[in-house]
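Peer 1: sequence and predicted structure, then a few things I'm wondering about:
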Amino acid sequence: MRASLIQIAVNEGESAESRRRRAAALVREQAGADLVVLPELWTTGAFAFEEFGREAEPLEGPTYEAMAKAASDAGVWLHAGSIPERDPEGPLYNTSLVFTPSGDLAAAYRKIHRFGFDKGEAVLMGAGRDLVTVRLPDTTLGLATCYDLRFPELFRGLVDAGAQTLVVPAGWPERRRAHWTLLARARAVEDQAFVLACATAGTHAGVPQAGHSIVVDPWGEVLAEAGHDEEVLTVDFDPAKVATTREQFPALKDRVLGLEPPRR
């Protein structure tokens, strides 16, 4: 299976519409890949909090339309990163979109863990509630976004739901890049799954981004890692390695906590 992670740069001075056109062109260039992934909130920047409300769009808004067509033109499964979604009956959400190779929406995931503590995303956006998986011909994707990476129970829930490949778009800051790499590898090892973690390059509202998108196998080995600047990271991997790893080292079968309600 071939995956292409588009580590797009998000910088001030480029409009969201211009970046949509550029991202769509980059997706089309990945024809021949099985799965293409974009980062978190790439239309606005994950730290450009003032832009969330201005650039928020309905689920089937301009980003949806541009990415659906790009997926269809390239004939790829497309995880289109996330957008600031405006729910007409509720708050904003940080929502990921996944499209089939025919351009149909396969899934939408509203980010569960919002970053910012008492400001930023944590205040401006609502929290999702549902774990989301997507069945591809050769693997099942488990969807998570950025700050979710710090919460292993979410990923264990995705594995219990059948996930074999964990896809994590992000707008991760440079100052915590060591955590980004460490956590991506940890989630791969503990869940015996592939991790495809796609970050942004550039600077969001004065916050330099980490870049360094990464693909990790179920043993925690780094198969490919991007640099700091905009680039497309393409890697071939064998989804069957998940089942082999879980058979050779069946740690998941020894789980105790979390499987039964606590005794009173």
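Peer 2: That came in fine, so what should we check first? Numbers count the residues shown, from 1 in each chain.
Peer 1: okay, now E153: neighbour count?
Peer 2: Residues within reach of E153, counting by other CB atoms under 10 Å, total 8. In short, each C-beta sits where N, CA and C put it, glycine included.
Peer 1: name the helices or strands packed onto the host helix or strand of V167?
Peer 2: Assigned by DSSP states H and E, V167 belongs to strand 165-169. Counting contacts by 3 or more CB pairs under 8 Å, 6 or more residues apart in numbering; DSSP states H and E, strand 165-169 is packed against strand 77-86, strand 140-143, helix 177-191, strand 194-198.
Peer 1: could you give the bridge partners of the residue lying closest to R2 once chain neighbours are set aside?
Peer 2: With sequence-adjacent residues excluded and distances taken as CB to CB, 6 or more residues apart in numbering, R2 is closest to A33, at 4.7 Å. On the basis of DSSP bridges, A33 is bridged to A31.
Peer 1: for the one 4 residues further on, same thing?
Peer 2: Residues found in beta-bridge contact with V37 (criterion: DSSP bridges) are L5, H79.
Peer 1: A199 is in contact with that one, correct?
Peer 2: No - judged on CB atoms under 8 Å, V37 makes no contact with A199 at a distance of 10.3 Å.
Peer 1: contacts only, for L136.
Peer 2: Going by CB atoms under 8 Å, 6 or more residues apart in numbering, L136 touches 34-35, 77.
Peer 1: helices of the stretch 101-250 of the chain, residue ranges please.
Peer 2: Ranges of helices in the stretch 101-250 of the chain, per DSSP state H, counting those that start in this stretch, are 121-124, 152-160, 177-191, 240-248.
Peer 1: got TSV for the ones you listed, with distance to A107 and mean pLDDT too?
Peer 2: Below are those laid out as TSV (distance: least, CB to CB, whole Å; pLDDT from 0 to 100):
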stretch	distance to A107	mean pLDDT
helix 121-124	21	96
helix 152-160	12	97
helix 177-191	19	98
helix 240-248	20	98
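Peer 1: got CSV for those helices, with distance to Q209 too?
Peer 2: Compiled in CSV, those are given as follows (distance: least, CB to CB, whole Å):
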stretch, distance to Q209
helix 121-124, 15
helix 152-160, 23
helix 177-191, 9
helix 240-248, 30
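Peer 1: what ranges in the protein fall below the confidence cut-off?
Peer 2: For the chain, applying pLDDT under 70 flags the ranges 259-264.
Peer 1: lovely, talk soon.
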